[in-house]
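Trainee: The amino acid sequence is not available; the structure is as follows:
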């Protein structure tokens, strides 16, 4: 169990490439030099990197003290109505777990599914079936399988839905994307410290304190419409939010040690560092 919050980007910032770095094998050293300590490998469009490259990234991450996670492919369909397509998700999750092992990652992040063309009850039934089959299929693994809260209203992924799906097996854990929750609630969901604290409390009460203590999180400011999430923004935004400062206060007051992966649009490392500096300032370091 990690005893302090950790911060890092999801993928590589524009500044990483602007500084003439080309390969993600160089990312751990680059992040460590900036004072960051986490990184989420982006497999949303499929994990195309070979085993040798993944292993090299993992070696560099271990060398520089960077905690690793993996975002699984976006085309995983936990609640797909076509059973053949839905059950292909088991293969994609298995591939992601293999990549995680090579990267030395302790968590993979999975989208919860769609409820666009079916009722939420049917979507939850299908997702539960997929996840039950998956829990049996993966066998013993030390990698946590994270189920993410989602930003569009027609997607599965409210906090309550994610918590319910995580009850299927202790192999699953919640991944709270604060920007997504704010967007699917059309803003204002995280207005102060207490609104963030309620998330940690609810997870602790529903799943156990261990899940709340080391919660895997995503954070970014996100533009939204009446349908929820539209696009990710940077910390320069002062319209859509949510604000990260109350989250840092909640982390300190709750005594939790989440991993915060920043998914800002192009400035994810810089914005992750802003969050870490705010936390250090709040604890007097």
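Mentor: Received, thanks. Because the structure is predicted, anything quoted here is derived from the model rather than measured.
Trainee: so residue 36 makes contact with residue 13?
Mentor: No - if you go by C-beta atoms under 8 Å, residue 36 and residue 13 don't touch, sitting 10.3 Å apart. C-betas here are computed from N, CA, C, even on glycine.
Trainee: Between those two, point out the one with more neighbours.
Mentor: For residue 36 versus residue 13, the count of surrounding residues by other C-beta atoms under 10 Å is larger for residue 36: 27 against 24.
Trainee: Helices of this protein, start to end?
Mentor: Here the chain has its helices, by DSSP state H, at 14-18, 27-33, 51-64, 83-103, 120-138, 159-166, 178-184, 193-207, 209-213, 245-254, 268-282.
Trainee: What is the last one packed up against?
Mentor: To tie it back to what came earlier, the one meant is helix 268-282. strand 6-9, helix 14-18, helix 245-254, strand 259-262 (3 or more C-beta pairs under 8 Å, 6 or more residues apart in numbering; DSSP states H and E).
Trainee: which one of those lies closest to residue 222?
Mentor: With C-beta to C-beta, the closest approach to residue 222 among the helices and strands packed on helix 268-282 belongs to strand 259-262: 12.1 Å.
Trainee: ok so, going back, for residue 82, find the nearest of the helices and strands packed on helix 268-282.
Mentor: Each of the helices and strands packed on helix 268-282 was checked against residue 82 via C-beta to C-beta, and the shortest separation belongs to strand 259-262, namely 31.0 Å.
Trainee: how many neighbours does residue 231 have?
Mentor: Counted with other C-beta under 10 Å, the burial measure for residue 231 works out to 13 neighbours.
Trainee: mind checking pLDDT for it?
Mentor: Reading off the confidence values, residue 231 has pLDDT 97.
Trainee: Quick check: the gap between the closest residue in space to it that isn't next to it in sequence and residue 159.
Mentor: Here the nearest residue to residue 231 in space, its sequence neighbours aside, is residue 223; by C-beta to C-beta, 6 or more residues apart in numbering that works out to 5.1 Å. Look at residue 223 and residue 159: by C-beta to C-beta, to the nearest Å, they are 21 Å apart.
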